[in-house]
Every structure is written in structure tokens, then in C-alpha cells.
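[1] here you go, sequence then predicted model.
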Amino acid sequence: KAGVTQTPRYLIKTRGQQVTLSCSPISGHRSVSWYQQTPGQGLQFLFEYFSETQRNKGNFPGRFSGRQFSNSRSEMNVSTLELGDSALYLCASSHREETQYFGPGTRLLVL
Amino acid sequence: GENVEQHPSTLSVQEGDSAVIKCTYSDSASNYFPWYKQELGKGPQLIIDIRSNVGEKKDQRIAVTLNKTAKHFSLHITETQPEDSAVYFCAAKGSGGSNYKLTFGKGTLLTVNP
């Protein structure tokens, strides 16, 4: 099976812009979780979607949002970008409530 | 919410030696504990996991132990090789609902010297 894919892999934006990141889960996986990884804060949970419904949300401002489509693909959006949003954004998929498999991530740089 | 502490933050060993990384968690309801290896420029890769109804699990050179009473779990790598060099993360997950998310430790940078 193909693994989790994320696009784009790298992105440069300026403050105030918005960005949309995409994640395609492993075939058959219906749960998609998003994490932010920074050197200072480590891996932090953003949100989790299952069957197009947000099931859990981490402690991030409302500028961070996401959605899941009927084919389980997911997108996350960050509006009004800040310098501190520079990070590696990781998507993970799982089958029901089992092991999470991560994609390679999207590295976002906000200038 | 859940809090996971991981030690040490850096670990340097000679090739062939063993490496041990330890984690503690705060939520006694957590029931799933995976370990991930992250190499430079890549996403975390699952290397081993353990559920709360098991005390120990082994996969070739890698083993994980869990002490539910003390709320800590450890990763053991034997006969280390240079390709084991990476950042290792422990994580804990609750049983469902609002607890269905991984809480990660801060990571351990393991360096295996040839």
C-alpha cells in the first residue's frame, strides 16, 4: 500500500497570507490527524478527523482549521500567517482507532 | 490533559552498545504507547508500540517495557548500529473520544558512533 502523502512538501509564505496543506491517507484509513512540529514545542496535536467530522481539536487558535472529504483526504488551512507558524506540519492516518502512520510533512516557512 | 516526559534529550553510544530511553506519562487512562523514529527530513516512523494490557514487547533488537503502576515506559535498543542514529519520540494515547490523540515526548537525539 502507498503511504501517507502530503503536498506540497515545502512552502514559503509571508505574514498575513493564508495557506492550505493537503494530506492523502493510506488507502482504507478513515482517520486523519494533523500535528505541528517545531524545535521549541516538539510535536503538538492540531486536530483529528474521522468520516468527515472533526473528532478532536488541540489547543491552537481559530486561525488553524481543517476538513476531511468523503474520500478521507484532508486539508488544513492556516489564515493570517504569523512568523511563529513556521513549522513542519505532519499528517497521520489510522484505521479506526489503531496505529497512526505519518506522512513526510509539509515544511512551512513564514517570512 | 496528558503530559509525557522523555529522558534523556540526547544520548551518545558506541556501536554495539545498548541504548535506553525512558518516558513517563500522567494520565492513568492512557492505554497505547508507540515509539517513533524520525530521521532528518522525514516524518516519524513507527518502530514499536505497546498496549496497556502488555508489560513487554520485543522486535529483534528493539524492546519496549511498560510499568502501568509507575506510569512509565522505556525503549531498549540492543547492538546499536550507526543507522539507528535519529531522533526518537515516545507517545501516549487515551482510550477514545476526546482522548483519541497522541501526546508526544520532546524527543531523544540518539547518536551511534562507529
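    Here it is on my side, so go on. Residues are numbered from 1 along each chain as shown, chains lettered A, B, ... in the order given.
[2] do you know the pLDDT at residue 41?
    No chain was given, so I picked chain A. Residue A:41 carries a pLDDT value of 89.
[3] try again with chain B
    Confidence at residue B:41, expressed as pLDDT, is 88.
[4] so who does it touch?
    Taking Cβ atoms under 8 Å, 6 or more residues apart in numbering or on different chains, we find residue B:41 in contact with residue A:104. In this view, the C-beta of every residue, glycine as well, is placed from N, C-alpha and C.
[5] now do the one 3 residues further on
    If you count contacts by Cβ under 8 Å, 6+ apart, residue B:44 has them with A:43, A:90, A:102, B:36-38, B:89.
[6] and what about the residue nearest to the spatial centre of chain A, helix, strand or coil?
    Residue closest to the mean C-alpha point of chain A, counted by Cα atoms, centre = their mean, is residue A:34 at 3.6 Å. State at residue A:34, reduced to three classes by DSSP: H, G, I helix; E, B strand; the rest coil: strand.
[7] closest to residue B:54 out of the contacts of residue B:44?
    residue B:36 (18.4 Å; Cβ to Cβ).
[8] these two touch, right, that closest one and residue B:86?
    No - using Cβ atoms under 8 Å as the test, residue B:36 is too far from residue B:86 to be in contact (9.5 Å).
[9] can you show me the strands along the chain?
    Picking chain A for this. Shown for chain A, the strands assigned by DSSP state E span residues A:5-7, A:10-13, A:19-24, A:31-38, A:42-50, A:53-57, A:64-68, A:74-78, A:87-94, A:101-102, A:106-110.
[10] my bad, chain B
    Using DSSP E, strands in chain B cover B:4-7, B:10-14, B:19-25, B:32-38, B:45-51, B:56-59, B:62-67, B:72-77, B:86-93, B:102-104, B:108-113.
[11] let's test this: name the helix or strand in chain B with the lowest mean pLDDT.
    Taking mean pLDDT, DSSP states H and E as the measure, strand B:102-104 is the helix or strand of chain B with the lowest mean score, a mean of 91.
[12] just to revisit the earlier point, name the nearest residue to the residue nearest to the centre of chain A, ignoring sequence neighbours.
    Among residues not flanking residue A:34 along the chain, residue A:46 sits closest, at 4.1 Å (Cβ to Cβ, 6 or more residues apart in numbering or on different chains).
[13] tell me the contacts of residue A:24?
    For residue A:24, the set of contacting residues under the criterion of Cβ under 8 Å, 6+ apart consists of A:4-6, A:73.
[14] in chain A, which ranges drop under the pLDDT threshold?
    Low-confidence segments of chain A, defined by pLDDT under 70: A:96-98.
[15] how about the residues of it by chain B?
    Counting by Cβ under 8 Å from any Cβ of the partner chain, the residues of chain A lying close to chain B are A:4, A:33, A:35, A:42-45, A:48, A:55-56, A:58, A:90, A:92, A:97, A:99-105.
[16] which of those residues are buried?
    The neighbour-count test (16 or more other Cβ atoms under 10 Å in any protein chain shown) marks A:4, A:33, A:35, A:42-45, A:48, A:55-56, A:58, A:90, A:92, A:100-105 as buried among the residues of chain A next to chain B.
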